[in-house]
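Enquirer: Pasted the sequence and its predicted model underneath.
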Amino acid sequence: MMAWTPNWTRLTSAAELALDRTLTCGQSFTWTRLPSGIWYNTLRLPGHAVPVLLRTHNDEVQFRSFGSPRSQAQFQQPVPKTPLPPTQYLVAPSRDPAAVVAPSHDPVYLLLHDYFQLSYSLPALYLDWSTRDPSHFAHVSPLVPGIRLLRQPPVETLFAFICSANNNIARITGMVQALAMRYGECVYPGGLLDIGGEEQALPPMYVFPSMDRLVQSADEIEGVLRGLGFGYRAKYIAATVKTLGGLGGEAWLVGLRGKGYAEVRDALVQLQGVGRKVADCVALMSLDQPGAIPVDTHVWQIATRDYKFKPSTKSKSLTPTTYDEVVKLFQTLFGPEAGWAHSVRSIACFFIITRCAAFSLTREHRSCSRPTWRATLATRNPNPRLPQLRQDPQPLPISQVNPRLFQNQRPHQRRHQRENARPQQQRRRQFG
DNA sequence: CCTTGACCTGGTCGT
DNA sequence: AATCGCAGGTCAAGC
């Protein structure tokens, strides 16, 4: 049974879901933003994957998908990796009113409702977290409304976050999409689509490969991914494919939903390339653990700087012990959805710095904010032919910015880091 | 326990 | 034009 929603249909209000923020903040790497502001991705329904488009229009978030029995049948044939002439594949979406089903029975609507966790009321959550943390969350969260935690497919989330080690959003996005192009199924070959009377050019779309497909390629995958520039992560991915395949594949991973946090974490960290941080990302963003808090160096800074966190041991760095203590700090503060709350809080910090760097800060501040942070949003879209992400035109008043956010980003400290790092580099050279 | 260093790569920054 | 430091970590090895 084919399922698609040919006309723009309301998903939720813009207040409940800020698309641009939610899809660029580093939790999903599979959405792409078109120049028109429309986002596209391929999502799985039982039996097949569908291309989905999202947009914000008239104060609401709308979706549509497209496809047709004829085009779907064609997609089951092997599809070349380069786009074919649009007319060869694309079938105009049906305008037949009978094809439009009520949203509550529309499988794509239900899929998106689940994916964006729309059963949570976001303003209510923000209010609760602001009450719990009046001095920080309440201060910064109004600047970044509408950030929802996604409930993503566990397999692609796992592999995406294995790629995230020692990496940045732009490159992770490229790697995840490379994985989809190499092993995933082509769901849409690319072409022109008629959207509300306007023709929109869409690139080919590939769905993230199934676990079965990856297991089939287990022996070659490390070499292939190294060739694609995955670096040492290629080995982790190949090993995790084999281990996960042996444990029961996708069913085993999805089966972790509904288990307790400790069990989920322990299950994940037995996979290669999955430490605590990656495990917490996967648990939080795909396995129904809204209390899981991924602690990275950035979060560590926030904890020690803004929340005056003092580790119980003499440890000066992020160790398993201090990791647990930071988690406990934020879980106590924010309650059951602490992971979600903390994500919003971190993203707020990130956005403040990005926007201030672009619009409002003095030259000194501009130079302190990390270049990669500035660049991340602009380069979120890996397709160089597409325009860069639009910056928010509203400058952020400097008076709203907590100056402490910049404490660890001062130029003299960067210089200091450079000088410290130099001897290490020389030592490594002697080996080569 | 905690600390340290290696690990791939690509875009950026400063000579 | 060539270089160097770095990025939202993980793992193994040595205290």
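Expert: Everything's here; your move. These figures come from a predicted structure and were not determined experimentally.
Enquirer: Relative to the host helix or strand of residue A:193, what are the paired strands and their orientations?
Expert: Element membership of residue A:193, judged by DSSP states H and E, is strand A:191-195. If you go by DSSP bridges, strand A:191-195 pairs up with strand A:198-202 (antiparallel).
Enquirer: next structured bit after the partner strand?
Expert: strand A:205-206.
Enquirer: which is the next helix or strand following that following strand?
Expert: Counting by DSSP H and E, what follows strand A:205-206 is helix A:211-216.
Enquirer: quick one on the thing from earlier: flag every buried residue along the strand holding residue A:193.
Expert: A:191, A:193, A:195 (16 or more other CB atoms under 10 Å). The C-beta positions use only the backbone N, C-alpha and C, and glycine is treated the same way.
Enquirer: Next: stretch A:126-139.
Expert: Quick answer for stretch A:126-139 (16+ other CB under 10 Å): A:126, A:128, A:129, A:130, A:133, A:136, A:137, A:139.
Enquirer: export those to TSV and tack on secondary structure and pLDDT?
Expert: Output for these, formatted as TSV (DSSP: H, G, I helix; E, B strand; the rest coil; pLDDT from 0 to 100):
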residue	secondary structure	pLDDT
A:126	helix	97
A:128	helix	96
A:129	helix	97
A:130	helix	96
A:133	coil	95
A:136	coil	88
A:137	helix	92
A:139	helix	86
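Enquirer: could these be laid out in CSV, adding distance to residue A:311?
Expert: Below are the buried residues of stretch A:126-139 laid out as CSV (distance: CB to CB, whole Å):
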residue, distance to residue A:311
A:126, 30
A:128, 28
A:129, 24
A:130, 27
A:133, 20
A:136, 20
A:137, 22
A:139, 25
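Enquirer: Looking at those residues, which two lie furthest apart in space?
Expert: A:128 and A:139 (15.5 Å; CB to CB).
Enquirer: Need the pLDDT of residue A:99.
Expert: Looking at residue A:99, its pLDDT reads 44.
Enquirer: One more: residue A:154?
Expert: pLDDT, residue A:154: 97.
Enquirer: what's the distance between it and residue A:187?
Expert: Shown here: residue A:154 relative to residue A:187, a distance of 19 Å by CB to CB, to the nearest Å.
Enquirer: now swap in residue A:218 and tell me
Expert: Residue A:218 sits 24 Å away from residue A:187, going by CB to CB.
Enquirer: Which of those two has more residues huddled nearby?
Expert: Taking neighbours as other CB atoms under 10 Å, residue A:218 and residue A:187 compare with residue A:187 leading, 23 against 15.
Enquirer: pretty sure residue A:147 contacts residue A:350?
Expert: No - applying CB atoms under 8 Å, one finds residue A:147 not in contact with residue A:350, separated by 10.8 Å.
Enquirer: what do the two both touch?
Expert: residue A:25 (CB atoms under 8 Å, 6 or more residues apart in numbering).
Enquirer: in the stretch 301-432 of chain A, which segments are predicted with low confidence?
Expert: Across the stretch 301-432 of chain A, the ranges flagged by pLDDT under 70 are A:351-432.
Enquirer: The same query, at a cut-off of 50, please.
Expert: Applying pLDDT under 50 to the stretch 301-432 of chain A flags residues A:357-432.
Enquirer: SS state for residue A:109?
Expert: State at residue A:109, reduced to three classes by DSSP: H, G, I helix; E, B strand; the rest coil: helix.
Enquirer: What pLDDT is listed against it?
Expert: Residue A:109 is given a pLDDT of 91.
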